[in-house]
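Q: Show me the folded form of this:
(chains A and B)
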Amino acid sequence: MATRIKQFARDKGKGIKFYFVSALHRHNGGRARLYRDFAATRSLEIENKYAAKIDAFDYNLKREQLGAALYDFDEETAFNTAVEPVIARKKTALRLKYRARRETLKRAVTKGKITETAAAEALAAAEAENERLLGAFRERLTDRRRAAFTAEYNAARSSAGRLSADDFDAAKTAQVLAYAARQKARCAQKKEVFVRRNSARTARYERREARYLNILRNTETAVSVGLDDGAVLSVRDLCMYFGGIKAVDGLNFDVRKGEIFGLIGPNGAGKTTVFNCITQFYKPTRGEIYFTTKEGKVILLNKEKVHDVILRGIVRTFQNVEVIKEVSVLENLLISAHRQYTSNLFEQMLHLPVLAAEEAVIKARALKVLEFMGLLPYMDWYAFGLPYGVLKKIEIARTLMNNPQLIILDEPAAGLNDTETAELSKLIRRIAKEYDCTILLVEHDMGLVMEVCDRILAIAFGRMLAIGTAGEIQADKSVQAAYLGVDE
Amino acid sequence: MAGLLKNDYLKAVAPRPPAGFTALSRLKKFFAQPANQFLILGALMLVLFLLNKINSNLVPSSIINAVATTFIYATVAIGFCLLLGYSGLASLGTAGFIGIGCYTGFYMMEQAGATYLVALLTALAISLALGIVVGFISLRIEGIYLAILTLGLSEILRNLLMALSSTIKISLANIKLFGVKVDDKQVFLLIVFMFVVLLILTGNLIKSPAGRAMLAMKNSTSAAQAMGISLMKYRLLAFVISTVYAAVGGLMYVMLIPNITTSTSQLFTLATSLNILAAVIIGGSKSLWGTLAGTFIIYGLNATVLNRIAFFSKNPAIIVIVTGLLLILVVMFYPGGLAQMVKGARAFIKRKAAAIRRRRYGDED
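A: Now for the predicted structure:
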């Protein structure tokens, strides 16, 4: 079978067979990655389960022990501990009555039926009455229950007397230890079985992945364009016309690996259009966009479908926050990891174990990202109604779910206040460092751009004005003219 | 008495049990699983069936019939719920797709003498193809235009089917169900079985990446695409599911009511499509239980409850008015339907209980 697919792929080059082989490669690669990650997640899960079991056993014993300890108490303390909750309940009931009385008196005073002093007196009388009632109740209760309690106490003492308290404790502790040891052994056994099975599974999928990768290597005609040293994204002669309007007109620029690259320009300069062209929301009228993937392969982005761009390692945020409002914050992150799921529709409809494994692994990943972004407290909240700053953070968190090579931020600071913007600039730097990715951002907030960007490209009317560091851009005459107008 | 004291003492001193290990929390976990809830529904219906079999005074056949009708329409409605509530696509072609199921059942089981399973598979295949066609259309057209287009498609289908045969008549005596001959009573069991299976599958789908992808697509197509969700795949999926479920509903309908004169029947007209739409909206377009409740209000309430009240049985038009009013109220105040109402009520009770607890045990004010 494999050789036949290989043959097909060789013959057809980039045809439909190539599509199938790359899909198979992606699927098997995804599964292999899944089970590699699942090993740690599931092992932890098993450990936690058994730890909880031991805890529960311990708890049940403690309960018994405490029951026994009741008889080790001196009679007075034991009796008081037992009676106290009953008295507390009575006290609460009396207090409620007292409060109701207070309310009626207050109302009577406001209506002018009685004077304030009379009301205060009545209230004091009610309180005294309560005290008296409570005292009487305590006495009554003690009288009524003392005899029965003493009888039970004595009976229990005489029967428990055979075992001293220390011996009893030792016996119980030994029991707990034995149980814990038994459970731990079972846990280890279960883990071992799981690991053995899982590694076999992983190896199988890895083998398949390698096989398909081999076919791809032989067939794929890599783009033979040499990008400049270290360039992640190379935009060449990009044009985007809407009818007669030239939104982007012959734009050239390179984004280098690991840098934070800013794109600025007055309103309507075509910044967002550039983004949409890169992420293939718009198909450019003319020009090429080359991109280096994490594997170091150069591809022509123009040929990608809009929903496949994410597979290549490009993720983006939106100018007007596009968080899915009907689901929780965590689920928003799971949605953004959509392409990491390898289970097909039937596996999802039947909730087969592979889906559970995927959910566990991806959830763990999402939790890590949420922690990084400081969003953990909002995890289970519905995105609907969350503050704007948090929504912006969710959007950025979503991009981090996909191990991105290039993150495109469309006006991340729009609508944020100064402190939030300052926080954002720190965050952007932190992301670039920790996730080892390149960031391309459009922003109107010049403070943020100048502070955070390594290089900046200024455009106006779809054409390049200047490119360079913050200082160079600020000194550039054409940029000043575009923003401030020309002196007459 | 003394035992009581001991318990009080234990409660005061013993540590709280670890989470997940009390009987109550286990029970809660069990009932929180949608699949378990649906299985319990199926079991209850089985009990209903057995009670009817034992003594038809206990559970009259009219109730069994009403439940069966509700389940059939609910099958259609949960498919529609996936389309409207999860994918944000509007369709008024439901009746036409039901018709496909009915006629496939008629031709396969009666004319060709096939078994139920073969008829079911045929209906699935035909409706799947139809769903793909409509799904492709939905990539180009959206909103109200899509609704009108599907309405037109449904009318074409209706007239086409009526031209084929103006009556559908099936003799259950000739049909084998998984190799067993059935009578009209056992059809109820078939309906319950199919419904519960589809309910479980749908419930699982909703709680899986595909369901979330549909929600993402409904909320923001651009965000969905940026996150790698293919609009084509999930729109097709939504339409295929809704047509397939409608066809399965039609197939079951023809088993329940084996004699339909299609030229006079309301089944394939716009009224059915609108009723299903109303049921989904009243019940809550994002909740399967809500959808079932909505369908019951529209199709089952009349036969089971209102007919027994003299006022309603004398003025049957009142029921339609009540349904209309309910629809208006729901759309105005509870866009999430009955499901949202129940959720709101639960939250309200919880809030009130918390307030009472605070007042009773909280610090002195």
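
Q: Now do the domain split for chain A, please.
A: Structurally, chain A divides into domains by automatic domain parsing as follows: A:1-221, A:231-484.

Q: any idea where the helices of the stretch 51-200 of chain A begin and end?
A: A:75-111, A:116-160, A:165-219 (DSSP state H, counting those that start in this stretch).

Q: Comparing the domains of chain A, which comes out most buried?
A: Among the domains of chain A, domain A:231-484 has the highest mean neighbour count (mean count of other C-beta atoms under 10 Å in any protein chain shown), at a mean of 19. In this view, the C-beta of every residue, glycine as well, is placed from N, C-alpha and C.

Q: so where's the stretch 151-300 of chain B uncertain?
A: Scanning the stretch 151-300 of chain B with the threshold set as pLDDT under 70 gives B:178-179.

Q: Nearest residue to B:T272 in space, ignoring adjacent ones along the chain?
A: B:A95 (4.1 Å; C-beta to C-beta, 6 or more residues apart in numbering or on different chains).

Q: next one: B:K207
A: Using C-beta to C-beta, 6+ apart and skipping residues adjacent in sequence, the residue nearest B:K207 is B:P34, 7.2 Å away.

Q: Now do that neighbour, the pLDDT please.
A: We have a pLDDT of 88 for B:P34.

Q: residue contacts, it?
A: B:P34 makes contact with B:200, B:203-204, B:207, B:288 under the criterion C-beta atoms under 8 Å, 6 or more residues apart in numbering or on different chains.

Q: ranges for the helices of the stretch 201-350 of chain A?
A: A:271-278, A:329-336, A:345-349.

Q: wait, B:F31 sits on B:Q37?
A: Yes. Using C-beta atoms under 8 Å, B:F31 is in contact with B:Q37, at 6.5 Å.

Q: the more surrounded of those two?
A: Remark: of B:F31 and B:Q37, B:Q37 carries more neighbours, 17 against 11, as counted by other C-beta atoms under 10 Å in any protein chain shown.

Q: In which helix or strand does the more buried one reside?
A: If you go by DSSP states H and E, B:Q37 is part of helix B:34-54.

Q: Quick check: bridge partners of A:S328?
A: Here A:S328 sits in beta bridges with A:Y382, as judged by DSSP bridges.

Q: Tell me the confidence at it?
A: At A:S328, pLDDT is 93.

Q: And the one 5 residues further on, by the same measure?
A: Reading off the confidence values, A:L333 has pLDDT 95.

Q: Please give me every residue in contact with it.
A: A:L333 neighbours (C-beta under 8 Å, 6+ apart): A:366, A:369-370, A:394, A:397-398, A:401.

Q: between these, which is nearest chain B?
A: A:R398 (6.9 Å; C-beta to the nearest C-beta).

Q: In three-state terms, label the residue sitting nearest the centre point of chain B for me.
A: Centroid-nearest residue in chain B, with C-alpha atoms, centre = their mean: B:A74, separated by 3.2 Å. Put simply, B:A74 is helix when judged by DSSP: H, G, I helix; E, B strand; the rest coil.

Q: Please report the distance of it from chain A.
A: 18 Å (C-beta to the nearest C-beta, to the nearest Å).

Q: Just give the nearest non-adjacent residue to that residue, would you?
A: According to C-beta to C-beta, 6+ apart, the nearest residue to B:A74 is B:T295 (4.2 Å).

Q: And B:G99, by the same measure?
A: Leaving out its chain neighbours, the residue that sits closest to B:G99 by C-beta to C-beta, 6+ apart is B:F268, at 4.4 Å.

Q: Equivalent analysis for A:R463, please.
A: A:D249 (5.5 Å).

Q: what residues does the stretch 301-450 of chain A put near chain B?
A: Contact residues, the stretch 301-450 of chain A versus chain B (C-beta under 8 Å from any C-beta of the partner chain): A:305-311, A:315-316, A:318, A:322-327, A:331, A:334-336, A:338-339, A:341, A:343, A:345, A:348-351, A:355, A:358, A:398.

Q: ok, A:Y35 to A:H27 distance?
A: 13 Å (C-beta to C-beta, to the nearest Å).

Q: which parts of the stretch 101-250 of chain B sit against chain A?
A: Residues of the stretch 101-250 of chain B lying near chain A by C-beta under 8 Å from any C-beta: B:201, B:204-205, B:207-210, B:212-213, B:215-216, B:218-220, B:222-231, B:237.

Q: can we see that at 6 Å?
A: Within reach of chain A by C-beta under 6 Å from any C-beta of the partner chain, the stretch 101-250 of chain B has these residues: B:201, B:204-205, B:208-210, B:212-213, B:215-216, B:219-220, B:223, B:225-230.

Q: and these, which of them are in strands?
A: Here DSSP state E is the test, and these give no hits in strands at all.

Q: Any of the residues you listed buried? List them.
A: Neighbour counting with 16 or more other C-beta atoms under 10 Å in any protein chain shown marks B:201, B:204-205, B:208-210, B:212-213, B:215-216, B:219-220, B:223, B:225-230 as buried within these.

Q: At which residues are the strands of the stretch 151-300 of chain B located?
A: With DSSP state E, counting those that start in this stretch as the criterion, the stretch 151-300 of chain B has strands at B:167-169, B:176-177, B:180-181, B:259-261.

Q: Return the member of the domains of chain A having the minimum mean pLDDT.
A: domain A:1-221 (a mean of 79).

Q: just how off-centre is that one within its chain?
A: In terms of C-alpha atoms, centre = their mean, to the nearest Å, the centre of domain A:1-221 is found 23 Å from the chain centre.

Q: cool, stretch B:139-155 as well?
A: 22 Å.

Q: in it, what's buried?
A: Along stretch B:139-155, these residues count as buried under the neighbour rule (16+ other C-beta under 10 Å): B:146-147, B:149-151, B:153-155.

Q: Which of those sits closest to B:Y107?
A: Nearest to B:Y107 among the buried residues of stretch B:139-155 is B:S154, at 19.3 Å by C-beta to C-beta.

Q: Look up phi and psi at A:K297.
A: phi -100, psi 140 (degrees, to the nearest 10).

Q: Check the secondary structure at B:L82 for me.
A: B:L82 - assigned by three-state DSSP - is helix.

Q: so what's it up against?
A: Residues in contact with B:L82 (C-beta atoms under 6 Å, 6 or more residues apart in numbering or on different chains) are B:238, B:241.

Q: go with 7 Å
A: Applying C-beta atoms under 7 Å, 6 or more residues apart in numbering or on different chains to B:L82 gives the contacts B:202, B:238, B:241-242.

Q: Equivalent analysis for A:E288, please.
A: Contact partners of A:E288, counting by C-beta under 7 Å, 6+ apart, are A:236, A:300, A:302.

Q: Would you mind confirming that the second one makes contact with A:G287?
A: No. No contact is recorded between A:L300 and A:G287 when judged using C-beta atoms under 7 Å, the distance being 10.9 Å.

Q: Tell me, how many residues neighbour the closest residue to B:M255 other than its chain neighbours?
A: In space, and not counting its chain neighbours, B:M255 is closest to B:V187: 4.9 Å by C-beta to C-beta, 6+ apart. Neighbour count of B:V187, defined by other C-beta under 10 Å: 19.

Q: rewinding a little: is the residue nearest to A:R463 in contact with A:D237, as I believe?
A: No. Look at A:D249 against A:D237 with C-beta under 7 Å: they stay out of range, at 9.7 Å.

Q: thinking again about what came up before, shared neighbours of A:L300 and A:G287, anything?
A: Residues touching both A:L300 and A:G287 by C-beta under 7 Å, 6+ apart: none at all.

Q: So which other helices or strands are in contact with the helix or strand where A:F18 lies?
A: Here A:F18, judged by DSSP H and E, is contained in helix A:16-72. For helix A:16-72, the packing partners by 3 or more C-beta pairs under 7 Å, 6 or more residues apart in numbering or on different chains; DSSP states H and E come out as helix A:2-12, helix A:116-160, helix A:165-219, helix A:353-373, helix B:2-13.

Q: elements contacting the third one?
A: In this case it means helix A:165-219. Partner elements for helix A:165-219 (3+ C-beta pairs under 7 Å, 6+ apart): helix A:2-12, helix A:16-72.
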